[in-house]
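**Student:** Predicted model and sequence follow; I will ask about them next.
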Amino acid sequence: MNNNQRNTFNMCANVDNLGKKNNVILEAVAPLKTAFATFFREMDEFRALVGEKEISGKGFTENKNNSKTIMAKLAASLAKAGRSLAHKLNDSALKAKFDYSKWDLENMPDNIVVEVVNVMIEELQKNITALVDNLVEQADVDKLVVLAAAYRASLSNKTTNATTSVVNTGEVSRRLSSMTTLLRITIDSLVDRLEEKYPTFYNEYFQARKVIDLRGTRKTQNGSDTTTTTDTTDTTDVDEVEGETTDPQN
């Protein structure tokens, strides 16, 4: 899912949770119970379609970042030993090859950090005997080789994940459109009629119907978070979030 789709799904999830917590009201209002039954089913099918990692936004990025952090931690530690050796040898060229911190490595572009770590590994292998005095053993270098390979493997998974995402994009859009249309055209109008009889449910429902743009969260000058919120309860036939889903009736 893209960010807009994930924001809309989060809104749907809020409505889903609210509906399930208010079964007494649904039982008392038959048309609302019927509409929510369809919505609950569509939500369950959507979750099954995309999977929990896609819903949470985890997956490729999470795996890649974890692999990068673990690799960077060991590489930075061995780089300190390499710089110490280079200083002892008065070898500025060798020092330059190890002149990277954990922060440097974690924030490098993927292709650059792979090259930098590969160079480190080569120099560590060449100087392994001298590095013993710096508490570096062959096992440490071998571990970095394994971690670097794991990181490269996590990068190669990007192509596979992107292909899967492209295959599912149309179905994801269609199902989100179906759910948001059901909310906008049917459930919104039913809940609107319940303001006097069930005011708490009415207020909680329309609060849940707001799409919060989590991508737009940012820090203000006083350190608090700000988000962009979109009211999606307009009964006109429009997308939940621009560019997100397309109503098949249009």
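**Tutor:** Right, received. Where do you want to start? This structure is a prediction, so every number in the text was calculated from the model and none was measured.

**Student:** what about the chain, any weak spots by pLDDT?
**Tutor:** Residues of the chain that meet the criterion pLDDT under 70 lie in 51-65, 156-168, 214-250.

**Student:** got the domain boundaries for it?
**Tutor:** 3-56+170-231, 61-159 (automatic domain parsing).

**Student:** Save those as JSON lines, and put in mean neighbour count too.
**Tutor:** Heads up, the C-betas are built off the backbone N, CA and C, glycines and all. Shown next, in JSON lines, are the domains of the chain (neighbours: other CB atoms under 10 Å):
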{"stretch": "domain 3-56+170-231", "mean neighbour count": "16"}
{"stretch": "domain 61-159", "mean neighbour count": "16"}
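
**Student:** what about residue 136, which SS state?
**Tutor:** Following DSSP: H, G, I helix; E, B strand; the rest coil, residue 136 is assigned to coil.

**Student:** Check the gap between it and residue 85 for me.
**Tutor:** Applying CB to CB, to the nearest Å, the value for residue 136 to residue 85 is 9 Å.

**Student:** cool, residue 152 as well?
**Tutor:** With distances taken as CB to CB, residue 152 is found 26 Å from residue 85.

**Student:** before we move on, what about residue 21?
**Tutor:** Applying CB to CB to residue 21 and residue 85 gives a distance of 63 Å.

**Student:** ok, now residue 4?
**Tutor:** Taking CB to CB, one finds residue 4 at 52 Å from residue 85.

**Student:** Also residue 25?
**Tutor:** Residue 25 is 72 Å from residue 85, by CB to CB.

**Student:** correct me, but residue 118 touches residue 148?
**Tutor:** Yes - Residue 118 lies in contact with residue 148 (CB atoms under 8 Å); the separation is 6.9 Å.

**Student:** How about residue 45: what's its closest non-neighbour residue?
**Tutor:** Leaving aside its sequence neighbours, residue 45 sits nearest to residue 175 (CB to CB, 6 or more residues apart in numbering; 7.0 Å).

**Student:** Is it correct that that neighbour is in contact with residue 48?
**Tutor:** No - taking contacts as CB under 8 Å, residue 175 lies outside contact range of residue 48: 10.5 Å.

**Student:** quick one, helices of the chain?
**Tutor:** Ranges of helices in the chain, per DSSP state H, are 3-21, 23-28, 30-56, 60-89, 92-97, 102-107, 110-126, 128-131, 138-181, 188-192, 199-208.

**Student:** dump the residue contacts of the closest residue to residue 43 other than its chain neighbours.
**Tutor:** Using CB to CB, 6+ apart and skipping the chain neighbours, the partner closest in space to residue 43 is residue 16 (4.9 Å). Under the criterion of CB atoms under 8 Å, 6 or more residues apart in numbering, the neighbours of residue 16 are 39, 40, 43.

**Student:** State the distance from residue 194 to residue 28.
**Tutor:** Applying CB to CB, the value for residue 194 to residue 28 is 10 Å.

**Student:** One more: residue 189?
**Tutor:** For residue 189 relative to residue 28 (CB to CB), the value is 17 Å.

**Student:** Over to residue 83?
**Tutor:** Distance from residue 83 to residue 28, counting by CB to CB: 72 Å.

**Student:** Mind listing residues that contact stretch 124-137?
**Tutor:** The contact list for stretch 124-137 (CB under 8 Å, 6+ apart) reads 78, 81, 82, 84, 85, 94, 138, 141, 144.

**Student:** so how far is it off the chain centroid?
**Tutor:** Stretch 124-137 sits 39 Å away from the centroid of its parent chain (CA atoms, centre = their mean, to the nearest Å).

**Student:** ends of it, how far apart?
**Tutor:** Terminal residues of stretch 124-137 are spaced 10 Å apart (CA to CA, to the nearest Å).

**Student:** again, but for stretch 48-67
**Tutor:** Distance across stretch 48-67, first residue to last, is 27 Å (CA to CA).

**Student:** Then stretch 99-109?
**Tutor:** 17 Å.
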